[in-house]
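>>> Kindly generate the corresponding structure for this input.
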Amino acid sequence: MPTKGFRATHCKRGHPRTPENLSGKCCKLCQKLRDNVRDKGHRQAWAKRNPERSKAMERRKSLRRGGWTPEAVEEARAKQNNCCALCGDPFTEGNGPYADHKHTNPPKPRGLLHNNCNVALGLLRDSIQMCEAAAAYLKRWP
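Numbers count the residues shown, from 1 in each chain. Next up, the predicted model:
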């Protein structure tokens with residue numbers, strides 16, 4: 001249990017009581033935490049009521065994080081003849097395109113892949129040496 005002197009300089013969660021962090025008697029950092037929890041609950045409830053729109057929003061957000069725009073996805077899909085850039089198999093309803101990107105800051109789009117192809121690259125750490133080693137290993141066991 002904190003002592004009185006500690007409470008005078010910090011809120012009950014331990015945030016410093018500075019003029020920048022106080023809004024009346026309320027700690028701004030604690031208020032932000034409460035608001036985030038409340039907002040998360042509202043977002044989750046909305047997502048349950050609107051599953052299709054929620055999935056579409058998540059997909060667009062994921063594309064933006066990877067450096068893609070919806071237009072760039074459509075352009076790449078046309079350029080790749082609606083096929084995976086890695087395995088060459090066509091995209092289907094159940095196995096659609098995933099936007100691959102180079103892990104730099106900012107991310108650089110590379111191509112559209114099947115989810116499994118994208119995961120395989122990630123598991124091989126996007127390393128040419130690891131991919132070549134995997135290919136050599138598979139060649140030893142025909």
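>>> What are the contacting residues of stretch 53-60?
46, 47, 70 (C-beta atoms under 8 Å, 6 or more residues apart in numbering). From N, CA and C alone the C-beta is placed, and that goes for glycine too.
>>> Oh, that last question was meant for stretch 112-126, not what I typed.
Residues outside stretch 112-126 that contact it (C-beta under 8 Å, 6+ apart): 73, 76-77, 80, 84-87, 89, 91, 95, 97-100, 102-103, 130-131, 134.
>>> Return the set of buried residues in that stretch.
Neighbour counts over stretch 112-126 (16 or more other C-beta atoms under 10 Å) mark 112, 113, 114, 117, 118, 121 as buried.
>>> Now the third one. Its backbone dihedrals?
Note on residue 114: backbone dihedrals following degrees, to the nearest 10 are phi -70, psi 160.
>>> For the nearest residue to residue 80 once chain neighbours are set aside, what is the enclosing helix or strand?
In this structure, residue 80 finds its nearest non-sequential neighbour in residue 112, 5.9 Å apart by C-beta to C-beta, 6 or more residues apart in numbering. If you go by DSSP states H and E, residue 112 is part of strand 108-113.
>>> Output that strand in CSV, but only the C-alpha positions, please.
In CSV, the C-alpha atoms belonging to strand 108-113 read as follows (Å, rounded to 0.1, in the frame of the first residue of the first chain):
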residue,chain,number,x,y,z
LYS,A,108,7.5,-1.9,-49.8
PRO,A,109,4.8,-4.0,-51.6
ARG,A,110,6.2,-7.0,-53.5
GLY,A,111,3.4,-9.1,-54.9
LEU,A,112,0.2,-11.1,-54.2
LEU,A,113,0.6,-14.5,-52.7
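>>> So, low pLDDT: which residues of this structure?
Scanning the chain with the threshold set as pLDDT under 70 gives 1-8.
>>> what's the following helix or strand after the longest helix along the chain?
Counting residues, the longest helix in the chain under DSSP state H turns out to be helix 28-49. Using DSSP H and E, the helix or strand that follows helix 28-49 in sequence is helix 51-65.
>>> C-terminal to that next one, what's the next element?
Using DSSP H and E, the first helix or strand after helix 51-65 is helix 70-79.
>>> which secondary structure elements does the next helix or strand after that next one contact?
For helix 70-79, the following helix or strand on the C-terminal side (DSSP H and E) is strand 98-102. When contacts are defined as 3 or more C-beta pairs under 8 Å, 6 or more residues apart in numbering; DSSP states H and E, strand 98-102 packs onto strand 108-113, helix 115-123.
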